[in-house]
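# fold the following and give me the result.
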Amino acid sequence: MGLFNKLFGKKETPPQTESKTEQSDSSNQPTNEYHKKLVAIKQMYPFNKWRESYTEGLTQYTEENCQKIKQVFDDLITSLIEIGNQASEEQKIQLFKRAILKTNQLNEEIDDLIETGEREDLCELTNILTTACGLDPAKYGDGEGLASEWREW
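Residues are numbered from 1 along each chain as shown. Here you go, the predicted model:
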């Protein structure tokens, strides 16, 4: 009879613990969506494509080297999730700066890691991440996005 009343009319007041759970779930929903959106971007990573270039003679794209640059973006996503969607623009920008500076370092350490196509891949990936965390890429790097603020590639 309780289910019938819930579905067709008589409203029951949920116990206090259920109410808190529902409130908690609804207040976390934007955070969960933000988290899901950022994690889903990992499916767009170009690093497997880079790895395939190894067999075509581009020996800089070893599994180890591709993993190093992938880790930079994994760390960026993890950090963006940790600070949350409500973090300030400046906090988010600092995370991007750290990631781009790390890619600069990797590019110095590994000859020819980031060439023209890879540069385009990384700029696009950075812009996708920028948008996903609520920032407008067109506001940065003279309209080219956050990567262009600090990249040396």
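# hey, let's count contacts and neighbours off CA atoms from now on
Fine.
# what lies in contact with the host helix or strand of residue 99?
Secondary-structure element containing residue 99, defined by DSSP states H and E: helix 89-109. Applying C-alpha atoms under 8 Å, 6 or more residues apart in numbering, the contact partners of helix 89-109 are 68-69, 72-73, 76, 79-80, 83, 113-114, 133, 135, 146-147, 149-153.
# one more pass at 7 Å, please.
The contact list for helix 89-109, computed with C-alpha atoms under 7 Å, 6 or more residues apart in numbering, reads 69, 72, 73, 76, 80, 113, 114, 147, 150, 151, 152, 153.
# Three-state assignment for the fifth one, please.
Which is residue 80. Under the three-state scheme (DSSP: H, G, I helix; E, B strand; the rest coil), the conformation of residue 80 reads as helix.
# which residues touch it?
Neighbouring residues of residue 80 by C-alpha under 7 Å, 6+ apart: residue 92.
# still on that earlier bit, is it possible to export the contacts of helix 89-109 to JSON lines including secondary structure, pLDDT and distance to residue 140?
Formatted as JSON lines, the contacts of helix 89-109 follow (DSSP: H, G, I helix; E, B strand; the rest coil; pLDDT from 0 to 100; distance: C-alpha to C-alpha, whole Å):
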{"residue": "69", "secondary structure": "helix", "pLDDT": "98", "distance to residue 140": "22"}
{"residue": "72", "secondary structure": "helix", "pLDDT": "98", "distance to residue 140": "20"}
{"residue": "73", "secondary structure": "helix", "pLDDT": "98", "distance to residue 140": "19"}
{"residue": "76", "secondary structure": "helix", "pLDDT": "98", "distance to residue 140": "18"}
{"residue": "80", "secondary structure": "helix", "pLDDT": "98", "distance to residue 140": "18"}
{"residue": "113", "secondary structure": "coil", "pLDDT": "96", "distance to residue 140": "24"}
{"residue": "114", "secondary structure": "coil", "pLDDT": "97", "distance to residue 140": "21"}
{"residue": "147", "secondary structure": "helix", "pLDDT": "98", "distance to residue 140": "8"}
{"residue": "150", "secondary structure": "helix", "pLDDT": "98", "distance to residue 140": "10"}
{"residue": "151", "secondary structure": "coil", "pLDDT": "98", "distance to residue 140": "12"}
{"residue": "152", "secondary structure": "coil", "pLDDT": "97", "distance to residue 140": "15"}
{"residue": "153", "secondary structure": "coil", "pLDDT": "96", "distance to residue 140": "17"}
